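Colleague: could you work out the structure for the sequence below:
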Amino acid sequence: MDAKKLRKANFSDVEVEVLVDAVGTSYKVLYGKFSPCLTNNMKTMAWESVTEKVNAVSLQCTRGVVEVKKKWQDMQSAVKKKEAQRRKNLTQTGGGPSQLPMWKPWEEKVC
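Modeller: As a prediction, the model looks like this:
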């Protein structure tokens, strides 16, 4: 019989803010082009550093590098989708007030 895998808690607002700030400070290392000065090992160490910062403020559980990377990718995807919807709404015609989405502070940083 398979044991049920316990679900971890959702990322808190504080964890998300720390994640955005940590990725922002080391963005060039995390997403830079590979070169003799920037290796895969350096990128791995940078993601581990980001994960340590997120885990330092986490009260519920510790997160792995894979989970933090996945959360960052999901956040980027959600912000891009929201921006695409905003651009689509700008060109629509019709009556009534515009339906522009409200941005959270961290979403502006991700964008």
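Colleague: secondary structure class for Pro101?
Modeller: Three-state call for Pro101 (DSSP: H, G, I helix; E, B strand; the rest coil): coil.
Colleague: look up how far Glu17 lies from it.
Modeller: As judged by CB to CB, to the nearest Å, Pro101 and Glu17 stand 19 Å apart. Backbone N, C-alpha and C define where each C-beta goes, glycine included.
Colleague: more crowded one of the two?
Modeller: Set Pro101 next to Glu17 and count neighbours by other CB atoms under 10 Å: Glu17 wins out with 17 against 12.
Colleague: now do the closest residue to the more buried one other than its chain neighbours, the pLDDT please.
Modeller: Excluding the flanking residues, the one nearest Glu17 by CB to CB, 6 or more residues apart in numbering is Trp106, at 5.7 Å. pLDDT, Trp106: 82.
Colleague: ditto for Met1
Modeller: 53.
Colleague: can you pull the contacts of the residue nearest the centre of the chain?
Modeller: Centroid-nearest residue in the chain: Trp72, 2.6 Å away (criterion: CA atoms, centre = their mean). Trp72 makes contact with Leu19, Val23, according to CB atoms under 8 Å, 6 or more residues apart in numbering.
Colleague: give me the residues contacting stretch 101-109.
Modeller: Taking CB under 8 Å, 6+ apart as the rule, stretch 101-109 contacts Val16, Glu17, Val20, Asp21, Gly24, Met75, Val79, Lys82, Gln85, Arg86, Cys111.
Colleague: quick one: name whatever helix or strand follows the helix ranked longest in the chain.
Modeller: Ranked by residue count and defined by DSSP state H, the top helix of the chain is helix 65-90. Note on helix 65-90: by DSSP states H and E, the next helix or strand toward the C-terminus is helix 105-110.
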